[in-house]
Every structure is written in structure tokens, then in C-alpha cells.
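[1] From the sequence below, what's the structure:
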Amino acid sequence: MSQVNSLSVVSSFKQKRVFITGVTGFLGKAILEKILSETPEVEQVYLLVRGNRQYTAHERCMRDVFDSSLFDVLRDKHGAGFQALIDKKVTVVAGELTDTLFGLPEAEFNQLAQSLDLIINSAASVNFREAMDQALKINTLSLNNVVALTQRKTQGEPVKVLQISTCYVNGFNRGVMREEVVSPASGLIPRKDDDTYEIDGVINLLNEKIERIYQQHTQQDKQQAKLVQLGIQQSQRYGWNDTYTFTKWLGEQLLIQALGKQNLTILRPSIIESAVSSPLPGWVEGVKVADALIYAYAKGRVSIFPGEDSGILDVIPVDLVANSALMCSAQLFQQSSHYRIYQCCSGRLNPIRLKQFIDYVQQASLLQYKQLPKLFAKKPQDTFKTVSPKTFRLYMMALMGSTWVKTILGRLFGSKSAGRMMEKANTTASLAMIFGFYTAPKYRFDSMQLEQLQARFSVIEQKQFNVKADSFSWKVYLQQIHLAGLHKYALAGKPDLTQKAAQKQKQAA
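    Predicted structure coming up:
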């Protein structure tokens, strides 16, 4: 078969059975929606969902997944038949990601394994300051369950695995980051004879440190604080900025080694943001990296931030990532021998500098704040500025010192303005600690292999499952799609800030 136009998403998913983890999350939902809407002949989709005290796993899946506005287009298309489609195509597996065998009885786990053609693991803790024990369980050790599923299948084609990772597994490395195994920046983790690293000793050492904290600190709050501190310290020691990226790198290594470099594709997105076009332009859930700064700026809580104006802020719309996942899956179904790594990002084809990103958002904020009352209480007063990390540290030391003095004096004289200044300073410091690494990038992500993969699909499917970051304008995306999407979808249940501000003024009068 010719390498050119030799792959097809739609035909590859025909009669296939797919198991998805992390489906209650932002990207997991988007991948599921794409499969159900664009591959109508997929046989069955199994969804790992955890129940809770209020709802069974099935009830939670209906509420947290299929009630999402993301499925409005599919719901409108099928009308009264939407629920029948879900009942026919979807099986909810009640289980816990981090429990052995996902918490399933062994017979049920074995039966599930026999049923599968593909596992898409999109589950993750994306908390940059996650406690070390939780991050390790969720992002690394839970992958042993994925491996076990592949090993328990005894008949037919082997189960393929698509692992959703992150471009930021590149850690503290610098330069052009290619679609290949990442070498730890610290050099502290020994390399094996092949292209993998000795992670067993690292994981054992981390578990020993975790166990020591369990024994030394029985008080819950103290224990949690120590585990968070351990995560930051160990991640940065080995060459990563935060617990999330460190444990995702460990997860990549675990899978490559445990699966014998076979039947595996690792897909690394950069910072995932709202959909650019499909199925709903602007659809987004939760606060992403860039959104945290936008929210804080909109509320007047941040006006200065550490960053490199000329640095590339690598953002990618969620629908392009979901499309990438389906293309990678199609290749796995048709050509699944050795493992592959792809990066879905904008830095190569359509780079945007941090300063340009901020300028576009500020321009739109000043013009559109009245149309976005859940995001803006009033017209933004401050100009958002970025300074070098070194200048920022000096600025924050001076600001915190002067604000502390003003706060003390303000309390003596009954002024609340100094308290608001202290809140602003604390918010800025907190956001800078968590996100500052991502706004002062030292590398650019490469996506050439993903681009080459897309070229192997038909022209029709290249359009249907677009993954190219140069297919949209940043100005249009940020000013006409993303801000409106934040307001409409991410803040759907939030109050109108202009009304809230008016009520406060009324009460004060």
C-alpha cells in the first residue's frame, strides 16, 4: 500500500472497540465526542468512570459527560434518538483508575481485556502542585493497569495503546524539542542500553520518601503540605518544573518499557485551550494555564507577570488535539509494530509570542468587556505587563514590603484599599509560582512528524480531522472565539459581575 493517503480514521474505527480513561476531563470528552460523531461505525466505546456517594458511575457519566454542551451538536443531530445512540454504543465501566485492575473483579477485568482493540488513556492529574503520592499514582503507576489490560488479551490482534502525555515532559531542557524520548535535563537518571531510562529506582526512592512522610506526619493538613513540597523538590531535582510534568514523563517511560516498544503511540499536546471550530467554537471547560492569567487580569488582580515577551506561548485548540488522537489511533490500528511519539502544538507552524498573545487579549478586553459581563465587572483599568523573572522577583519583594506597611496603616485608619492591594500581590505571587515557567519558555516544540502523519490521510479526512496549527488566525481565535467561549462555556454557571458590582455599590450607599 502506498504511504501517501494510505490511512483512514473512519474506516479504521469500523467495528472497533475502544476503552477510554479520563473521559470526565476536558480532553477526554472531546475525544469521545469525535469518535461518536465522526466514526459512526465504531462498535463499542467503554468508559472508565468512578462513582461517588451521590451518583453511580453510570449516573455520573450521564451528568458529567453527556449532559455537557459539547454534545449539543450530536444531540441535535440525533434528536430523540440521542439516548438510544449512547445506550447502543457506550458501556460505562465502574472503576477507579489507581486501584489494582481498576478496582474490577479479576474475571471482569479479563473479560474486558478480551473485548478491546484500543485503549486511549487521557486520565491525568494536571495539577502542577499535586501531592507527590497522588501524582505518582495517577500519572505513572496507574499505567500498570493499562499494561495489564493489554497482557490479559489472549486472542486476536493485540490491544493498541494511545497515551496522552504533554509536550512539557521536556522539562528544563532547552532548544528545539523533537518528537522523541526526552532525556532528563538533570542527567541524574541513568540511561539504559536503548533509548529508555532506569525509572524503577526513581519510583522506589519516591515511594520511600512518601512512606516516610506518612509515618512522620499523621495530621492530614501537615502531611498534605509535605507531600506537595516533596513533589516540587523532587521534580525540580530531576529536571522538571512541577509534579505533573515529572510524573507524566515517568508514565511515558513505564509504558514504552512495559509494552516492549510495541503497539504504542504517545501523543503530547502543548497547552490545550478552547475549540477553534468543532463541534462548538470556543467550547472549553475549567481554567487552563492561559485562562488563569486572563481571569486574574479581568478581575484586576494581576497587572504584572514574569515572562519573556519574545518567548513562544504554545497553545493548541482542543479540537485539533482530539483530531490528532483519532489520526494516531487510525495509524495504530493499521500499522502498530514499534512505538511512536507525536507532538500536537503550535510552536512550529503558527508560533505566537507572549507579547502578541497578551496584546490581542488586552485589545479585545477593552472593546468587548460589556459583552462579557461574567468575565469583566468593568472596563480593565491596568495594562498587563510582562517583565523578566529576575525583575519580577525584585518587583514582588518591593511590592510585598510596601503593601504590608500600607495594610497595617489601612487597618488603623479603616481603609480597605491596602487590603485589596495585598490580595492582588498574593494572587500575582501565587500565579507566578505555578505558571511562571510556562510564560518564560526556553524551547520550541516540533510537530513535523504529526504533520507528516496527517499527509497520509485523504484530502477529505485531512479537513475532517484537521490537526494543523496554521489553519487559524491567532487574532481571530483569541478575540472572537476564545474570550467568547470562556464567557459562554467556562463561566456558564457564574453570576453577572456587573450586576454584582452594582449591588455592592448600592449596599455601600
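[2] Helix, strand, or coil at residue 305?
    At residue 305 the chain is in strand, as set by DSSP: H, G, I helix; E, B strand; the rest coil.
[3] Just give the nearest non-adjacent residue to it, would you?
    Closest residue to residue 305 apart from its sequence neighbours, by Cβ to Cβ, 6 or more residues apart in numbering: residue 386 at 5.5 Å. C-beta here means a position set from N, CA and C on the backbone, and glycine is covered the same way.
[4] Can you tell me the element that neighbour falls in?
    Assigning secondary structure by DSSP states H and E places residue 386 in strand 385-387.
[5] And the pLDDT at the residue nearest to residue 305?
    On the pLDDT scale, residue 386 is placed at 84.
[6] And for the one 4 residues further on?
    Per-residue confidence at residue 390 stands at 81 (pLDDT).
[7] So what touches the strand holding residue 386?
    Where contact means Cβ atoms under 8 Å, 6 or more residues apart in numbering, the residues beyond strand 385-387 that reach it are 303, 304, 305, 306, 307, 308, 309, 354, 355, 358, 395, 439.
[8] Which of those sits closest to residue 29?
    The shortest gap between residue 29 and any of these belongs to residue 439, at 26.9 Å (Cβ to Cβ).
[9] which non-adjacent residue is nearest residue 44?
    Computed as Cβ to Cβ, 6+ apart, the closest residue to residue 44 that is not its neighbour in sequence is residue 17, at 4.6 Å.
[10] Now do the same contact list for the one you found.
    43, 44, 45, 46, 115, 116, 117, 118.
[11] go on, residue 287?
    Residue 287 makes contact with 295, 490 under the criterion Cβ under 8 Å, 6+ apart.
[12] Distance of it relative to residue 490?
    For residue 287, the distance to residue 490 under the criterion Cβ to Cβ, to the nearest Å works out to 7 Å.
[13] what does residue 263 give?
    The spacing between residue 263 and residue 490, counted by Cβ to Cβ, is 36 Å.
[14] repeat for residue 344
    Residue 344 sits 21 Å away from residue 490 when distances are taken as Cβ to Cβ.
[15] Equivalent analysis for residue 202, please.
    Noted for residue 202: a distance of 36 Å to residue 490, by Cβ to Cβ.
[16] so what are the domain limits for the chain?
    Taking automatic domain parsing as the domain assignment, the ranges for the chain are 1-270+315-348+448-472, 283-313+352-445+474-509.
[17] Using the three-state scheme, assign residue 47.
    On the three-state scheme (three-state DSSP), residue 47 is labelled strand.
[18] Could you give the bridge partners of it?
    In this structure, residue 47 has the following beta-bridge partners (DSSP bridges): residue 20, residue 92.
[19] Isn't it up against residue 23?
    Yes - between residue 47 and residue 23 a contact is recorded at 4.7 Å, counting by Cβ atoms under 8 Å.
[20] and for stretch 62-82, what are the contacting residues?
    So stretch 62-82 is contacted by 23-24, 29-30, 32-33, 36-37, 47, 49, 55, 84-86, 279-280, 283, 285, 489, 492 (Cβ under 8 Å, 6+ apart).
[21] If any of those are buried, put those into a PyMOL selection.
    Isolation of the buried members of these (16 or more other Cβ atoms under 10 Å) is achieved in PyMOL through the command below:
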select buried, resi 23+24+29+30+32+33+36+37+47+49+85+86+279+280+283+285+489
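[22] Now go through the contacts of stretch 62-82 and say which are in helices.
    Among the contacts of stretch 62-82, the ones falling in helices (DSSP state H) are 29, 30, 32, 33, 36, 37, 84, 85, 86.
[23] and the two most separated of these?
    The widest separation within the ones in helices among the contacts of stretch 62-82, taken as Cβ to Cβ, falls between 30 and 84 and amounts to 22.7 Å.
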